[in-house]
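>>> For reference, the sequence and a predicted model appear below.
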Amino acid sequence: VVTLPYQPGEELRGRVSLVYPALNPETRTGMVRIEVPNRTGAGGPVLKPDMYADVVLQAADREILAVPASAVLYTGPRRLVFLDLGEGRFRQKEVRLGSKVGDAFEVLAGLEEGDRVVTSGNFLIDAESRLRSGGRASDEQHVH
């Protein structure tokens, strides 16, 4: 739904045809091309080049696999979570994250539905595993 500040109460409906891949780092905004019918008003076309508009995007609901943001450990370019294997054992797992949804991240790869992830204390588990492995990150199981 597209609304124009100078046309209060009027809504234009369109379809997203392109999401530009880059954001403006200064304004943290991005550009989206939305195709809408441009009706002609008394002063000519309602929409003109380089105009700004307010847009509300509606996306289809879909099922996603997500983890709480507190479960994710950032180690340079890697994103890790710890799986709870039970009986005090854990295994680190690299994940590829998607969008942030509230206080959670969509998981694109690295986990499966039903995996139990540690949501607090993961930094301590990582530190202890590094101590046990002589300073290297390890994918081995750890007992705590």
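Yes, it's here. Numbering: from 1, shown residues only.
>>> Tell me how many other residues crowd Gln92.
Counted with other Cβ atoms under 10 Å, residues neighbouring Gln92 total 23. The way it works is simple: take the backbone N, C-alpha and C, and place the C-beta from them, glycine included.
>>> what about the chain, any weak spots by pLDDT?
42-44, 121-144 (pLDDT under 70).
>>> Torsion angles phi and psi at the most centrally placed residue in it?
With distances taken as Cα atoms, centre = their mean, the chain has Ser99 as the residue nearest its mean C-alpha position (1.3 Å). Dihedral pair for Ser99: phi -70, psi 150, per degrees, to the nearest 10.
>>> what about it, distance to Val36?
Separation of Ser99 from Val36 (Cβ to Cβ, to the nearest Å): 25 Å.
>>> so the residue nearest to the centre of the chain makes contact with Ala69?
No: contact criterion Cβ atoms under 8 Å: Ser99 and Ala69 do not qualify, at 11.8 Å.
>>> what residues do the two have in common as contacts?
Counting by Cβ atoms under 8 Å, 6 or more residues apart in numbering, the contacts common to Ser99 and Ala69 are Phe105.
>>> Across the sheet, point out what pairs with Leu73.
Here Leu73 sits in beta bridges with Leu80, going by DSSP bridges.
>>> Lys93 too?
On the basis of DSSP bridges, Lys93 is bridged to Val81.
>>> does it really touch Asp84, like I thought?
No: Lys93 lies out of contact with Asp84 (Cβ under 8 Å); the separation is 11.0 Å.
>>> partners of the strand or helix carrying Pro21 in the sheet?
Assigned by DSSP states H and E, Pro21 falls within strand 15-24. Strand 15-24 sits in its sheet next to strand 29-35 (antiparallel), going by DSSP bridges.
>>> buried residues in the partner strand?
By 16 or more other Cβ atoms under 10 Å, the buried positions in strand 29-35 come out as Ile34.
>>> swap in stretch 90-100?
Here stretch 90-100 shows Phe90, Arg91, Gln92, Lys93, Val95, Leu97 as buried, counting by 16+ other Cβ under 10 Å.
>>> Going by distance to Gln58, which of the residues you listed wins?
The nearest member of those to Gln58, counting by Cβ to Cβ, is Leu97 at 23.7 Å.
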